[in-house]
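J.: Quick one, what's the 3D model for this:
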Amino acid sequence: DPKTMLDAPGRGIIALYPTPGLVVRAELFSAEARAVHTLPGNTLMLAVVGDTIYSITTAFAATAVGTLSTSAGAVSIADNGVDAMIADGANRYTYTWTTGTFAASTDGAFTGASSVDIVDNYLVYNRPGTQQWGCTNALSPASSALNVASKDGSSDNLVALIVVNRQVFLMGELTYEVWTDAGAFPF
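T.: Here you go, the predicted structure:
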């Protein structure tokens, strides 16, 4: 009896909410949905379906804006307020929504990444299969070859990174490290 469960002592208050996703708003292709990311201002969303990146408006109009070199697997997306960085493991890509410009990233010490995040206006990303990670220049999708470091507290490879409270958590196969932007250059 739902009423009995709602009023059960020590169980707290329970709320039942509708399940999202029951109404089709936009239908892209019947390929793997790999990532979604809402851009600043909440008027555009990026979605990666198969090997295609779509820009989706609040009216649910989808426009293809770029093509990745892979068509399956997880994709990570982060933005710095001007540019979005998309990582599919094999490559990094940038998308500038104000100009509609999409390109593969060929700068920095390495081009691949499986995790992307943002800290203090720097986009940070890892190099799959290694202990290395890098960052872009502030408020830019461009990386210098000097903007690279290694998770060096233990010998396990870096699997992913995530930013929490302006700290970069480098998640390894067995261990993790926490880095903080100290404002020093280079990296």
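J.: C-alpha from now on. contacts and neighbour counts both.
T.: Will do.
J.: Phe60 and Glu27 touch, don't they?
T.: No: using C-alpha atoms under 8 Å, Phe60 is not in contact with Glu27, being 9.1 Å away.
J.: which one of these two has more residues nearby?
T.: Counted by other C-alpha atoms under 10 Å, Phe60 and Glu27 do not tie: Phe60 has more neighbours, with 14 against 9.
J.: May I have the residues that are in contact with the more buried one?
T.: 25-26 (C-alpha atoms under 8 Å, 6 or more residues apart in numbering).
J.: State the distance from it to Arg25.
T.: From Phe60 over to Arg25 the distance is 6 Å, taken as C-alpha to C-alpha, to the nearest Å.
J.: So in terms of bridging, what pairs with the residue nearest the centre of the chain?
T.: By C-alpha atoms, centre = their mean, the chain has its centre lying nearest to Ile77, at 2.7 Å. Counting by DSSP bridges, Ile77 is bridged to Ile86.
J.: where's it relative to Ala104, distance?
T.: 14 Å.
J.: any idea of the mean pLDDT for stretch 24-41?
T.: Across stretch 24-41, the average pLDDT comes to 86.
J.: From one end of that stretch to the other, what's the distance?
T.: First-to-last residue span, stretch 24-41, C-alpha to C-alpha: 23 Å.
J.: List the buried residues for that stretch?
T.: Buried residues in stretch 24-41, counted by 16 or more other C-alpha atoms under 10 Å: 28, 33-39.
J.: what residues does it touch?
T.: Contacts to stretch 24-41, defined as C-alpha under 8 Å, 6+ apart, come from residues 44-50, 60-62, 71-79, 81.
J.: Since that was my last question, I'll sign off now.
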